[in-house]
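Q: Just a sequence and a predicted model for now, questions to come.
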Amino acid sequence: MRRIACVALLLPCLHVIPAQAEVKLLVADTIRTGDAVQPVAGAMAWDSDTGRVLQVGSAEALRKAYPQASALELGGATVVPGLIDAHAHIMGLGNTLMQADLTGARNRGEVLERLKAFEKTLAPGEWLLGRGWDQNRWDNTDFPTAADLDAAFPQRPLYLERVDGHAGWVNTAAIRVAEKAGKSLSGDWQPEGGRILRNADGSPSGVLVDGAAALVYDQIPAQDDASREKRLQAALQAAVSNGLTGVHDMGVSREDLALMKRLADQGKLPLRIDAYADGNNEALEDLCKAGLYAHPGGRLEMRGVKLYMDGALGSRGAALLTAYSDDPHNHGLLMTSPEAFEVAVRKADGCKVQVATHAIGDRGNRIVLDTYEKVLGAHKGDDHRWRVEHSQVVALEDIPRFAKLGVIASMQPTHATSDMGWAEQRVGPERILGAYAWQRFLHSGARLALGSDFPVEQVDPRLGLYAAVTRQDRDGQPPGGWQPEQRLSAAEALRGFTSDAAWAGHDEAQVGRLVPGLRADFVVLDRDPLKVAADQLDDLKVLSTWVDGEPVYKAGEASGS
């Protein structure tokens, strides 16, 4: 063993490597380390055996320290720590990539055109599945109906998931399948945690909100293992091609974790997955019985559980303290009762499992905070890092509670720019002050972790950076940004997708910064995100994505793991 000299470096040499190990050296115009001591460097060296950073510093100093290193010269490119999406759904993305894409459709007619084109790829009798419709983008913002689909698809069953994943639009053929399976949707009843929208005669109109969607969705034939693996791999490659080196995957079943383990065993996971168990179900039972899970390869772990409190704002399922401003008889939905939620939180706490809970409305957020405070009790000051996923509409008096309880606000910048055209209609001018309130959270002392919620939004963290800094759509509207006082700086936004996201997953000793000892996960960009104009952040080019010091994506080449 020999110790490599550390001449003229600001950071001490901490790591001993075998004399035979290959050291790789990267030289670039700018390396953003994410480290307060040495935020910018011109070169980085890592051990190819361990995939861990050895040193960062000037190009001259590292060339002297590692004269035999294999050097990668990147010229004017910028290197940033690997981007981490702190809230996403990998299998959901894989499924979406294999379905009809309805995202951005401007009206019902455009939806039908896309569905007819996609139907040509299907076998007779096969369900037609799609995702991404959003009635808020249409001229007629009323919810669609089964009748809108029936003329074009009288026999083939359709299930079309709303953009937020919190409502399903189905045709009469799909309703018939559900009723044949014993799931009657007619009458004046409503399922727990859901809502069947009805016609005047009590028959289902064709939209099923939150828990009601399962009445039809559960009738869709299950995918076989080969199809599930194909979809997962497609999602993983889409992620790394957009610069993601890590994803916090929210709501992973026992079966999906087993699939991910299989790929990890085969060396086929090109990025890191922090999997969160899918509620108070089998995967959480496994954590309680066998302990927190970490794959020996370092790219897959499960140490948390994702719970649900309420629905979504776009489908008026988010639970509000007072009624919707544009629907005065509707307070939204609780997908989990407060009693059942407390049972699940106590169970996770007893098993030392990190809790992350979906909460969008101000009532949903308050119930989560109240329950966290009750269950944490005297040990609320411990390093639990419990999370609220979305924290989307929060009563102003509840925002300071996040920091006091040590709770992370896991937020998605593109939700604000997707929702800004209609969000105030939902909650009114007073409640909107606590909505998408990133700076209010930061000023209160809370920690933010940023993500996308893909496939609800696109699997592209550059869009998240752009939305966070501009609070505008990609056409630059509205001028100056929506609620511009809540904009993040480029540095705050980048931190939210790197070191703060890593911290939210208990991974700060592994990833999130480019410093000695941490893993060499990084992204090579054509420009510096902290120097370009804000309106160029969404147009940064991902030149390559690296995990453990190895390229998992290079622009213009097929990705590999």
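A: That came in fine, so what should we check first? A quick note: this is a predicted structure, and the numbers were derived from the prediction, not measured.

Q: how far does the top helix by length along the chain sit from the chain's center?
A: For the chain, the helix reaching the highest residue count under DSSP state H is reported as helix 225-241. Shown here is helix 225-241, whose average C-alpha point lies 16 Å from the average C-alpha point of the whole chain (CA atoms, centre = their mean, to the nearest Å).

Q: If you count neighbours, what's buried in it?
A: Applying a neighbour-count criterion of 16 or more other CB atoms under 10 Å, the buried positions in helix 225-241 are 228-229, 231-241. Every C-beta, even on glycine, is put in place using the N, C-alpha and C of the backbone.

Q: could I get those residues as TSV with distance to Lys180?
A: Conversion of these to TSV gives the following (distance: CB to CB, whole Å):
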residue	distance to Lys180
Arg228	26
Glu229	31
Arg231	27
Leu232	31
Gln233	34
Ala234	32
Ala235	32
Leu236	37
Gln237	38
Ala238	36
Ala239	38
Val240	42
Ser241	42
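
Q: Going by distance to Arg63, which of those residues wins?
A: Distance to Arg63, by CB to CB, is smallest for Val240 among the buried residues of helix 225-241, at 29.4 Å.

Q: gap between the closest one and Thr103?
A: In this structure, Val240 and Thr103 are 21 Å apart, going by CB to CB, to the nearest Å.

Q: Give me the residues contacting the longest helix of the chain.
A: Taking CB atoms under 8 Å, 6 or more residues apart in numbering as the criterion, the residues outside helix 225-241 that touch it are 85, 90-91, 93-95, 97-98, 223, 247, 256, 259-260, 262-263, 268-271, 459, 542, 545, 547, 552-553, 559, 561.

Q: Mind checking which of these land in helices?
A: Ile90, Met91, Leu93, Gly94, Asn95, Leu97, Asp256, Leu259, Met260, Arg262, Leu263.

Q: which residues sit in contact with the first one?
A: Ile90 makes contact with Leu232, Ala235, Leu236, Ala239, Val247, Asp249, Ile273, according to CB under 8 Å, 6+ apart.

Q: Find me the pLDDT at it, would you?
A: The model reports Ile90 with a pLDDT of 98.

Q: follow-up on the earlier one: of the contacts of helix 225-241, grab the buried ones for PyMOL.
A: Buried residues among the contacts of helix 225-241 (16+ other CB under 10 Å), as a PyMOL selection:
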select buried, resi 85+90+91+93+94+95+97+247+256+259+260+263+268+269+270+271+459+542+545+547+552+553+559+561
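
Q: Near the residue nearest to Ser205 when sequence neighbours are not counted, how many residues? Count them for me, please.
A: When the adjacent residues along the chain are set aside, Ser205 lies closest to Leu197, with 4.4 Å between them (CB to CB, 6 or more residues apart in numbering). Here the neighbour count serves as a burial measure; for Leu197 (other CB atoms under 10 Å) it reads 17.

Q: quick one: Leu197 and Ala213 touch, right?
A: No - counting by CB atoms under 8 Å, Leu197 sits too far from Ala213 to count as a contact (11.2 Å).

Q: Distance of Met260 relative to Gly304?
A: According to CB to CB, Met260 stands 15 Å off from Gly304.

Q: now swap in Gln99 and tell me
A: From Gln99 over to Gly304 (counting by CB to CB), the distance is 28 Å.

Q: Contacts for stretch 311-328 next, please.
A: Outside stretch 311-328, the residues that touch it by CB under 8 Å, 6+ apart are 134, 136, 162-167, 195, 209-210, 309-310, 329-335, 360-364, 366-367, 392-393, 395, 419, 422-428, 431.

Q: taking those residues one by one, which sit in strands?
A: In strands, defined here by DSSP state E, the members of the contacts of stretch 311-328 are Arg162, Ala167, Arg195, Val209, Asp210.

Q: quick one: buried residues of stretch 31-48?
A: Counting neighbours by 16+ other CB under 10 Å, one finds that the buried residues in stretch 31-48 are 31-35, 38, 41-48.

Q: nearest to Arg176, of these?
A: Checking the buried residues of stretch 31-48 one by one against Arg176 (CB to CB), the nearest turns out to be Gly34, at 54.9 Å.

Q: what's near enough to touch the closest one?
A: Val80, Pro81, Leu494, Arg495, Thr498, Ser499, Gly512, Arg513, Leu514, Val515.

Q: Dump those residues into JSON lines; add secondary structure as well.
A: Conversion of those to JSON lines gives the following (DSSP: H, G, I helix; E, B strand; the rest coil):
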{"residue": "Val80", "secondary structure": "strand"}
{"residue": "Pro81", "secondary structure": "strand"}
{"residue": "Leu494", "secondary structure": "helix"}
{"residue": "Arg495", "secondary structure": "helix"}
{"residue": "Thr498", "secondary structure": "coil"}
{"residue": "Ser499", "secondary structure": "helix"}
{"residue": "Gly512", "secondary structure": "coil"}
{"residue": "Arg513", "secondary structure": "coil"}
{"residue": "Leu514", "secondary structure": "coil"}
{"residue": "Val515", "secondary structure": "coil"}
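
Q: Out of those, flag the one nearest to Lys352.
A: Nearest to Lys352, judged by CB to CB, of the contacts of Gly34 is Gly512 at 22.2 Å.

Q: And the pLDDT for the closest one?
A: At Gly512 the predicted local confidence, pLDDT, stands at 98.

Q: So the residue lying closest to it once chain neighbours are set aside: helix, strand or coil?
A: In this structure, Gly512 finds its nearest non-sequential neighbour in Ala502, 2.8 Å apart by CB to CB, 6+ apart. In three-state terms, and counting by three-state DSSP, Ala502 is helix.

Q: how much space between Ala502 and Gly202?
A: Here the criterion is CB to CB. By it, Ala502 lies 51 Å from Gly202.

Q: the more surrounded of these two?
A: Relative neighbour count places Ala502 above the other of Ala502 and Gly202, with 29 against 12, counting by other CB under 10 Å.
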